[in-house]
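Asks: no sequence for this one, just the structure:
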Ligand code: FUL
C-alpha cells in the first residue's frame, strides 16, 4: 500500500513537472531568435513554427471586441481635450453601463475596453493620484466610478473587460519629468489592475501631440509591462507593447496579406535579452512603427534579429469621431459598412475593435443601436448555415491523426495536416446535391503556426475545374466574398506555404442581404 502511494506520488510529481515544462515551452514559443548565418529556408521554417502565447490565443478567439470612448471630450464636443477642462463639465444625466454592455453583447462583441483616462488626463475612476477625476465632478455627487460600473456590467453579462490608459497626459503636472510621471503612471495602472477584478487587455496608445516645443516624456515601457504581468498575468497589452500590434490604420480594413509572425530587428529588440518563460520579449521590446504595407513576407523575415507572434488588432469607430458628437448622429456607419469592415478585419486575420461612444446621457445612442442590430442580422443570417457541412472530403495527402475530414468537424482543436515537407496540397469536397454560395471561410490551426502563403478555390464544371476565388494568407480566420457559384464539388488548392499547412476550419455560405 505504502509502495503504491509512493508510486502514485511520483507519477503525480512527474506529470506536474512535465506539464509545467510543457506550458513554459509553449509560452516561450511566441518568439524565436534568428541565429547569425541561418539559411533563408531555416528562417522561413522557424517563422512557421512561432505560435501564439496562451494569452494571445485566448484574445484572438474573441474575434470581435468593443471600445467605448467616453469622458471629458463627450461633454466638450472635442476629440483631444487640453487638460484644462473643469471637472464640473462631466455630468451624464442617465448613465447606465448595463445598457452599454447589453447592446454590445447582443452585437456579438466579447470584450469592452473603456477609456479610463484619455489624453486630457481626466480619470473616470476616483484615483488617488490626482484630483482631476470623477471625484471632482457633480455626477453622483462625486461618488461615481465609471470604470467600476462598466467592469461590474461586463462581469454580469459575461464579457471580458479591458482598460485604455493614455500615456500622454495633458493635465498631469509631472508629465515631462520622466521618473516622476513614470511613477505616477505605474500607480494609476496599479489602481486599475487591482480594483476592478479581471482585466484582459491593457491599451497603450502611441499618440502624443506635444510638438517640437512641447514636453518630453521618456516612458519606461518595460516597467509598465512588469506591473501588468505582476497584477494581471493573463492580460494582453496592446499597442506600445509586445503582445498585440496596431493593424496600422483606423479604417477598420486590415491587409489582404496579414502575417501574425513579424520580424523585429536590433536595436528595437536586443536578442541577448530574450529569455525563455512566459514573457520572453518584455525586457527587450521597444515600440516602433508597424504600419508598413508588408510586415511579414519572406523577404522581410531575412533581416530579422528575432521573429515574434504579434497579431493585428483592427480598430475603427462606428462614427467619424472617437468620442460622441451630436452633429454625427446621422453619420453612424450603416449595417452594410459594418459588415464590410467585419469581413475586412476578422476575415483578414485580425481582431475587430469597434468603438461605440456613449452620448452625454451616458447611453449608447439609438442610431448606433439600430446599425449594430442591422449588422448582427446580416452576419447571423449569413453564417447560420455552413453549406459545406456534410461534404465528403478527399485530401491530396495527410499526416497520421490529421485527416482531411478534421477541417469540417466544427472543432477548432482538430485539424488537417499535410505530410511532412509538403508545401502544396489540395482538398476536394463533394455533396449529394449542388449548393449556391458566395462566401468562403478558412482557418489555420495557429497553435501549430501560420503557414499558408497562397491558395485558390475551384468549382467543378462541365468544362473542368474553374477558379472562383483566391487569397494569400489565412491565419486565425480568412473570409472571401465572390460572385455566387453553384456546384456539387469544390477544390481548395494550397499553392504555397512555409512548411506543412494545417487547416482547422472551412465553410461555404450564402450572403444574407440587409433588410
Ligand atoms: C488615437 C487617439 O489619439 C484617439 O483619440 C483615439 O483614442 C484612438 C483610438 O487612438 O491614437
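Replies: In hand now; what should we look at? Predicted model, so just to flag it, every value in this text is computed and none were measured. Numbering: from 1, shown residues only.

Asks: In three-state terms, label the closest residue to the ligand within the chain for me.
Replies: Going by Cβ to the nearest ligand atom, the ligand is nearest to residue 207 of the chain, at 3.4 Å. Yep, even glycine has a C-beta here, placed from its N, CA and C like the rest. When the structure is reduced to helix, strand and coil (DSSP: H, G, I helix; E, B strand; the rest coil), residue 207 reads as coil.

Asks: ok, for it, nearest residue in space, not its chain neighbours?
Replies: Computed as Cβ to Cβ, 6 or more residues apart in numbering, the closest residue to residue 207 that is not its neighbour in sequence is residue 168, at 6.1 Å.

Asks: residues contacting that neighbour?
Replies: For residue 168, the residues meeting the contact criterion (Cβ atoms under 8 Å, 6 or more residues apart in numbering) are 119, 175, 205, 207-210, 217.

Asks: Mind doing that once more with 7 Å?
Replies: Contacts were defined as Cβ atoms under 7 Å, 6 or more residues apart in numbering; by that measure residue 168 touches 119, 207-208.

Asks: For the residues you listed, which entry has the maximal number of neighbours?
Replies: Counting neighbours by other Cβ atoms under 10 Å, residue 119 leads the contacts of residue 168 with 24 neighbours.

Asks: Look up how far residue 305 lies from the closest residue to residue 29 other than its chain neighbours.
Replies: Spatial nearest neighbour of residue 29, excluding adjacent residues (Cβ to Cβ, 6+ apart): residue 51 at 5.1 Å. Using Cβ to Cβ, to the nearest Å, we find residue 51 at a distance of 19 Å from residue 305.

Asks: So between these two, which is more surrounded?
Replies: For the pair residue 51 and residue 305, the greater number of neighbours falls to residue 51 (22 against 19), based on other Cβ under 10 Å.

Asks: Backbone dihedrals for that one, please?
Replies: As for residue 51, its main-chain torsions (degrees, to the nearest 10) stand at phi -130, psi 160.

Asks: start the count at 50, not 1, going forward
Replies: I'll keep to 50 as the first residue from here, and by that count the last item is residue 100.

Asks: And the pLDDT at it?
Replies: Model confidence at residue 100, given as pLDDT, is 97.

Asks: Distance check, it against residue 310.
Replies: Remark: distance between residue 100 and residue 310 (Cβ to Cβ) = 9 Å.

Asks: intersection of neighbour lists for these two?
Replies: residue 358.

Asks: Provide the secondary structure category for the residue nearest to residue 256.
Replies: Here residue 217 takes the coil state, with states given by three-state DSSP.

Asks: Tell me who's in contact with the residue nearest to residue 78.
Replies: Under the criterion of Cβ under 7 Å, 6+ apart, the neighbours of residue 100 are 78-79, 358, 495-498.

Asks: For this structure, which residues are neighbours of the ligand?
Replies: Contact residues (Cβ under 6 Å from any ligand atom) of the chain with the ligand: 128, 254, 256, 364, 371.

Asks: what's the neighbour count on the second one?
Replies: When counting by other Cβ under 10 Å, one arrives at 17 neighbours for residue 254.

Asks: so what's residue 519 up against?
Replies: Residues 504-505 are the ones in contact with residue 519 under the rule Cβ under 7 Å, 6+ apart.

Asks: Wasn't it part of a strand?
Replies: Yes: according to three-state DSSP, the state of residue 519 is that of a strand.

Asks: Identify the bridge partners of it.
Replies: residue 505 (DSSP bridges).

Asks: as a whole number, average confidence for whichever strand or helix holds residue 482?
Replies: The secondary structure element spanning residue 482 is strand 474-493 (assigned by DSSP states H and E). Strand 474-493 carries an average pLDDT of 97.

Asks: could you say what helices and strands that strand packs with?
Replies: When contacts are defined as 3 or more Cβ pairs under 7 Å, 6 or more residues apart in numbering; DSSP states H and E, strand 474-493 sits against strand 441-444, strand 527-546, strand 551-558.

Asks: Phi first, then psi, for the spatially closest residue to residue 216 that is not a sequence neighbour.
Replies: Nearest-residue entry for residue 216: residue 268, 5.5 Å, with adjacent residues in sequence omitted and distances by Cβ to Cβ, 6+ apart. The phi/psi pair for residue 268 (degrees, to the nearest 10) reads phi -80, psi 140.

Asks: Please look at residue 268 and residue 218 and confirm they touch.
Replies: No: taking Cβ atoms under 7 Å as the definition, residue 268 is not a contact partner of residue 218, at 11.0 Å.

Asks: Looking at these two, which one has more neighbours?
Replies: Applying other Cβ under 10 Å to residue 268 and residue 218 shows that residue 218 carries more neighbours, namely 28 against 18.

Asks: Which residues are in contact with that one?
Replies: Listed by Cβ under 7 Å, 6+ apart, the contact partners of residue 218 are 170, 224.

Asks: could you redo the last one with a cut-off of 8 Å?
Replies: Contacts of residue 218 by Cβ under 8 Å, 6+ apart are 132, 166, 168, 170, 224, 230, 234.

Asks: And the pLDDT for it?
Replies: Looking at residue 218, its pLDDT is 98.

Asks: residues in contact with residue 375?
Replies: 126, 408-409.

Asks: if we can go back for a sec, isn't the residue nearest to residue 216 up against residue 233?
Replies: No: the pair residue 268 and residue 233 does not pass the contact test of Cβ atoms under 8 Å, sitting 11.7 Å apart.

Asks: Would you convert the residues of the chain next to the ligand into JSON lines that also reports pLDDT?
Replies: Supplementary listing: the residues of the chain next to the ligand in JSON lines, determined by pLDDT from 0 to 100:
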{"residue": "128", "pLDDT": "98"}
{"residue": "254", "pLDDT": "96"}
{"residue": "256", "pLDDT": "94"}
{"residue": "364", "pLDDT": "98"}
{"residue": "371", "pLDDT": "98"}
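
Asks: Which one of the residues you listed is nearest to residue 484?
Replies: Closest approach between the residues of the chain next to the ligand and residue 484, by Cβ to Cβ: residue 364, at 35.7 Å.

Asks: Check which helix or strand the residue nearest to the closest one when sequence neighbours are not counted maps to.
Replies: In space, not counting the residues next to it along the chain, residue 364 is nearest to residue 402; the distance is 4.2 Å by Cβ to Cβ, 6+ apart. Under the criterion of DSSP H and E, residue 402 resides in strand 399-404.

Asks: Would you check the distance separating that strand from the middle of the chain?
Replies: 7 Å (Cα atoms, centre = their mean, to the nearest Å).
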